[in-house]
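Undergrad: when you get a sec, could you give me coordinates for this:
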Amino acid sequence: QVQLQESGPGLVKPSQTLSLTCTVSGGSITTNYYYWTWIRQPPGKGLEWMGVIGYSGSTYYSSSLKSRTSISRDTSKNQITLHLSSVTPEDTAVYYCARGRWIGVPEYWGQGTQVTVSS
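TA: Got it, this is the predicted structure:
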């Protein structure tokens, strides 16, 4: 069974770049037709789709976050990385990585990691 584990700093200062890593076990991030997604949930709000990297390495981003977001992968470590630049307190959220198909709700999710943006 695929397992995903997010990791990264719990506290980031405004204007800095947030970097999170999703370590995947039980399956390869290059397996055909799977997409690896970053999703976040600010306090008291719904889930927000941030972006995705596909099995081939192609990336797609939310239009509202595209200018600040970068998703990459390390196939040797089976990891997906999220970078979010110029963070503000509004980027405070629980961040999740998930695996799914191109269409539909991701079927496997990490437990999520809390990130707080504060000076």
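Undergrad: contact partners for the residue of the chain most remote from its centre?
TA: Relative to the centre of the chain, the most outlying C-alpha is that of Ser119, 22.9 Å out, by CA atoms, centre = their mean. Residues in contact with Ser119 (CB atoms under 8 Å, 6 or more residues apart in numbering) are 13-14. The way it works is simple: take the backbone N, C-alpha and C, and place the C-beta from them, glycine included.
Undergrad: what about 10 Å?
TA: 11-15, 89 (CB atoms under 10 Å, 6 or more residues apart in numbering).
Undergrad: Asp91 now?
TA: Contacts of Asp91 by CB under 10 Å, 6+ apart are 12, 14, 18, 40, 42, 65, 68, 84-85, 115-117.
Undergrad: quick one, grab the pLDDT at the residue farthest from the centre of the chain.
TA: In this model, Ser119 is scored at 95, pLDDT.
Undergrad: on that earlier part again, from the contacts of Asp91, which would you call buried?
TA: 12, 18, 40, 65, 68, 84, 115, 117 (16 or more other CB atoms under 10 Å).
Undergrad: how near is the residue nearest to the second one when sequence neighbours are not counted to Asn32?
TA: Read that as Leu18. Closest residue in space to Leu18, ignoring its immediate chain neighbours: Leu84 at 4.4 Å, by CB to CB, 6 or more residues apart in numbering. The gap separating Leu84 from Asn32 is 28 Å, by CB to CB, to the nearest Å.
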